[in-house]
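Engineer: Here's a sequence, model it:
(2 chains, ligands or ions: 3)
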Amino acid sequence: MLKEALVKKLDYDELSNCMRCGFCQPACPTFRETGYEAASPRGRIALMKAVADGVMEPDKNFVDQMNLCLGCRACEPVCPAGVPYGQLIEQTREAIEEVQEHPWWVKLVRKLAFFHLFPHQKRMYQLGGLLRFYQRSGVQKVVRKLGVLSILPKQMREMEAIMPEASGKGIVDFFGGTVIPAAGERKYRVGMFHGCIMDVLFNETNRNTVRILSEAGCEVIIAPDQVCCGALHAHSGEREQARHLARKNVAAFHKADVDIIVSNAGGCGAMLQDYDHLLAEDAEWQERAQWFASRVKDISEVLTLLVEPKEWQSLPQRITYQSSCHLRNGMKVTKEPVNLLQAIPGATYVQLREGDRCCGSAGIYNLVQPEMAGSLLDEKMGHVAATQADILVTSNPGCLLQMKAGIHRAGLEGKMEAVHIVDLLARVQQKEKPLSPPE
Amino acid sequence: MLPESIREELCAIVGAKNCLDKKEALVAYSYDATPMQQALPDVVVMPQSTAEIQQVMRVAARHHIPIVTRGAGSNLCGGTIPVGGGIVLVLSRMNQIVEIDEQNLTITVQPGVRTVDIHQAVEELGLFYPPDPGSMVISTIGGNIALNSGGLRGLKYGTTKDYVLGLEAVLPNGEVIRTGGKLMKDVAGYDLTKLLVGSEGTLAIITEAILKLIPKPQTQRVMLAMFSDMAQAARSVSDIIANRIIPGTLEFLDQGTIRVVEDFKQIGLPTDVAAILLIGQDGEPQTVDRDMGQIAAICEKNNAVQIKVATTAEEADEVMTARRSALAALSRMRPTTILEDATVPRASIAPMVAAIQEITERYDLRICTFGHAGDGNLHPTCMTDARNTEEIERVEHAFEEIFAAAIDLGGTITGEHGVGIVKAPYLEWKVGAAGMEIMKGIKHAFDPHNLLNPDKMFAKQSRNRVVIQRA
Ligand SMILES: Cc1cc2nc3c(=O)[nH]c(=O)nc-3n(C[C@H](O)[C@H](O)[C@H](O)COP(=O)(O)OP(=O)(O)OC[C@H]3O[C@@H](n4cnc5c(N)ncnc54)[C@H](O)[C@@H]3O)c2cc1C
Ligand code: SF4
Ligand code: SF4
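Structural biologist: Residues are numbered from 1 along each chain as shown, chains lettered A, B, ... in the order given. Ligands and ions are numbered 1, 2, ... in the order given. Below you'll find the model as predicted:
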């Protein structure tokens, strides 16, 4: 039963640490949208505790409130008591998942996605290849013309419309190897975490990441046995599978013996940094997990250490930045991306109002909670439009897709583009591309 | 449980989606920021207008259902705990700024507007609403008014009561009254505005407020002064005021708090000093410079071991970090944090802090003290664990002695958090039997059937202690 599962999984000490001061509420998008205590972090923690204390049964309304949470963790940095809300909601979702009866097709989709697709990078590339065929062969055009897509829900249609060109090959294929030497003197040995979706849908960003790192003096190791970070699993209540993936990644990078493990996706990075917690009770892996977690850095942190903006090309455009939740609230990286953008010669950096608020993408949230996600996105695009920026920068693939969808939805296409920070930096570096592989 | 018919009546007034009785809603409105207090209401009602509140009030009056009005639920006195069940009336959806009147320097607001939103709205126009409770990012103006909340600027600028010019409120019989207005002078009859300020939701439901604004001070400067002796820190406070300087901020941290803050933030605070004063001044640049110089000299004369004056915005921020991190640092020590509130005349701060220390040691507890040195409002904060019932009992006794000590020194049981249920047993210590009688009479005049926030302020049983009169 759900109640037992929750009592077992929830960290009661952390629940008790919440002093109910409410300081987390103004940071919470779902609370701001609803004004409803139960849809706030303080409320959700109170509901969890009420279940643990036996004050209430974890009924459907309880589960609904837990599902409405974006998992953006904006509530964490503002909490005086340091309550690790992100861990509490994952524990709750793990318990819910354990007992939840999904309809057969949801079960099937979850099983396929979480167990048979994301963990197997080869299959991701195969799917990427298929998608590329769909996009390139003209099938996409035909499908769009025929109006077949109208059977899909609005959110899915929007996603189809902005889907970037997929790749059937990962960066290892592109570079023809797993070790890319530093251009010039070697300063660090950096392990590149290429991500699962990242390497298929944003392969160019990955390539640019490797190139920029190498040019900045890093020997880049693309550890060959790495797999999906497990963030989607953990956020959807499949923590056991997340642990399984974590062990594989820890082993892969430990073997590669790197100084830094770099991530260019905030969502993945925060998950990777959390491996020490995830595997804390696993005596065999604990130590290596700590080794791993302490080395994870975001690309913007590494570049801040290494690059010299003076050599950059001028880019006379207005740039704004939507900070990705897990990068900010999970990895606590806030200044570095902004500093890098502000250093671009010729560019005007405009601060995005509430650029630190979740865009509503949140993993697969925009698909399962379209209403809340939609209204958060509309609010976001209002602020985005007000910046009159030419370029909207983010640092996470989910947010990037959502921003592309938002630009499409708000009719800002042609006026503004959404770009990953790495791709923008690659643009201003504009050197010869000595390492770019043959297509 | 409320009969279905009453629930339907309430739903018809505010709409089904604003009238909630699912368990999850009842749990979510069963607590506020007060530690260890919780009680489930029967129904949660979220009105959008004064007219809806009137109708809800009439339904409650007809069926004798208690009503607890709630802003953000950030109070620390159990003020919004529905101890007797009934209706929790949530005003957070009535959150519009009605008008900013730059001619009369007033702002008119609905009760659910957050304090910080008032600050932002008026400061954009070069105006200023001084009351700044530490909780202002969440607290609502309705809650501020009902508790007469104070903040860091209380010494120089006063508290909420000094800025409320007029109110609209719904009485327990459903009638609406308007008190005061955009007037600086008004002596027509009893001052019902002041009576409603600080009435803790026991007399009427505040539905609109007219607040006074002042011009925004031009500059702001801050400094930290560290003392190896609490008495010398306290003497500095008195000397500053005796020198006819009223600082904008005058806060202090005791040694226990300093150690915890330094442990938490590593900002280089000396952990062997007995007290730190955070002193700030705002106003005209020349005046601020002159005051800051004199304040530094006074602290030096009183043997401050170190003085750190901020010259840049970053340094000011650094200096403020010490005070701002106090609660965060303390609340990470143990699972339960009890942030209390006792006030003494500011000349008695040193003996009060000494008394708190002695009581803490005698009961073998962890209590650190910080607070508003300028107005004598101290926050002894206890780090404990609600699950340890034996310790909690000691905490209870210790705080009882702390409140008694405050009264002995001519102080009071609460300077800004309110009486609520937590301090209700002690109220008589402060106001005496005759005071209690007249207060109960006022409550009866407004609310003869005891519908609004019952059991708050007036405990069923008071603590057995005579009021101590100071000569
Ligand atoms: C970390 C922290 C720091 C704090 N710092 C301070 C501080 O510096 N100074 C200070 O004074 N307080 C402080 N407080 C206490 C609290 O935040 C304030 O008292 C605040 O004014 C409460 O506002 P609220 O909107 O949360 O009111 P609530 O907690 O919702 O309600 C408080 C009381 O007001 C009544 N009430 C609310 N709205 C209305 C209305 N419209 N009409 C009639 N009655 C109403 C309620 O019934 C209740 O009795 C702090 C609290 C916390 C958690
Ligand atoms: S800010 Fe932290 S302690 Fe305060 S209510 Fe939110 S989670 Fe609890
Ligand atoms: S994770 Fe985000 S949506 Fe969820 S409670 Fe925290 S702030 Fe709100």
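
Engineer: Secondary structure element for the residue of the stretch 151-300 of chain A found nearest chain B, which one?
Structural biologist: Here the stretch 151-300 of chain A gets closest to chain B at one residue, A:His277, 17.4 Å apart by C-beta to the nearest C-beta. The C-beta positions use only the backbone N, C-alpha and C, and glycine is treated the same way. Per DSSP states H and E: A:His277 is located in helix A:275-278.

Engineer: Give the burial count for the nearest residue to A:Ser263 once chain neighbours are set aside, as a bare number.
Structural biologist: With sequence-adjacent residues excluded and distances taken as C-beta to C-beta, 6 or more residues apart in numbering or on different chains, A:Ser263 is closest to A:Gly269, at 3.6 Å. Around A:Gly269 there are 30 other residues, counting by other C-beta atoms under 10 Å in any protein chain shown.

Engineer: can you check A:Ala113 too?
Structural biologist: A:Ala113, neighbours per other C-beta under 10 Å, totals 16.

Engineer: quick one: it from A:Gln241, how far?
Structural biologist: For A:Ala113, the distance to A:Gln241 equals 11 Å [C-beta to C-beta, to the nearest Å].

Engineer: can you pull out the helices in the stretch 251-400 of chain B?
Structural biologist: Secondary structure of the stretch 251-400 of chain B (DSSP state H, counting those that start in this stretch): helices at B:255-265, B:285-301, B:313-331, B:349-362, B:389-408.

Engineer: Identify all contacting residues around the second one.
Structural biologist: Defining contact as C-beta atoms under 8 Å, 6 or more residues apart in numbering or on different chains, one finds that helix B:285-301 is touched by B:218-221, B:223, B:225, B:227, B:236, B:239-240, B:243, B:245, B:247, B:277, B:279, B:281-283, B:307, B:309.

Engineer: Filter these down to the buried ones, PyMOL style.
Structural biologist: One line in PyMOL is enough to select the buried ones among these; burial here means 16 or more other C-beta atoms under 10 Å in any protein chain shown:
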select buried, chain B and resi 221+223+225+227+236+239+240+245+247+277+279+281+282+283+307+309
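
Engineer: thinking again about what came up before, who touches the residue nearest to A:Ser263 in this structure?
Structural biologist: By C-beta under 8 Å, 6+ apart, the residues touching A:Gly269 are A:193, A:263, A:296-298, A:326-327, A:330-331.

Engineer: got it, and B:Arg362?
Structural biologist: Applying C-beta under 8 Å, 6+ apart, the residues near B:Arg362 are B:Ala398.

Engineer: For chain A, what lies in contact range of ligand 1?
Structural biologist: Within chain A, the positions adjacent to ligand 1 are A:Cys21 by C-beta under 6 Å from any ligand atom.

Engineer: In contact with the residue minimising distance to the centre of chain A: list those residues for me.
Structural biologist: Centroid-nearest residue in chain A, with C-alpha atoms, centre = their mean: A:Gly267, separated by 2.5 Å. By C-beta under 8 Å, 6+ apart, the contact list for A:Gly267 reads A:229, A:231, A:324, A:326-327, A:363, A:396-398.

Engineer: Next: B:Ile392.
Structural biologist: By C-beta under 8 Å, 6+ apart, the neighbours of B:Ile392 are B:36, B:384, B:386.

Engineer: Separate out the buried members of those residues.
Structural biologist: B:Thr384.

Engineer: Tell me the secondary structure of the residue nearest to the centre of chain A, please.
Structural biologist: helix (DSSP: H, G, I helix; E, B strand; the rest coil).

Engineer: Against chain A, how distant is the residue of chain B found nearest ligand 3?
Structural biologist: Distances between chain B and ligand 3 by C-beta to the nearest ligand atom are smallest at B:Ala28, namely 12.7 Å. Remark: distance between B:Ala28 and chain A (C-beta to the nearest C-beta, to the nearest Å) = 4 Å.

Engineer: count of residues packed around A:Arg44?
Structural biologist: The burial count assigned to A:Arg44 is 29, neighbours taken as other C-beta under 10 Å.

Engineer: That one against A:Asp64, yeah?
Structural biologist: No. Here A:Arg44 lies out of contact with A:Asp64, judged by C-beta atoms under 8 Å, at a distance of 11.1 Å.

Engineer: pLDDT below threshold where in the chain?
Structural biologist: Here I'm looking at chain A. Residue ranges of chain A with pLDDT under 70: A:148-153, A:155-156, A:430-439.

Engineer: actually chain B
Structural biologist: B:462-471.

Engineer: ok, now with 90
Structural biologist: B:1-2, B:184-187, B:230, B:265-268, B:311-325, B:346-347, B:374, B:459-471 (pLDDT under 90).

Engineer: Distance check, the residue of it found nearest ligand 1 against ligand 2.
Structural biologist: In chain B, the residue that lies nearest ligand 1 is B:Gly143 (2.0 Å; C-beta to the nearest ligand atom). Using C-beta to the nearest ligand atom, to the nearest Å, one gets 16 Å for the distance from B:Gly143 to ligand 2.

Engineer: Tell me if that residue really is in a helix.
Structural biologist: Yes. When three-state DSSP is applied, B:Gly143 is found to be in a helix.

Engineer: how many other residues sit next to the closest residue to it other than its chain neighbours?
Structural biologist: Spatial nearest neighbour of B:Gly143, chain neighbours left out: B:Gly71 (3.3 Å); criterion: C-beta to C-beta, 6+ apart. Residues within reach of B:Gly71, counting by other C-beta under 10 Å, total 31.

Engineer: All set now, cheers.
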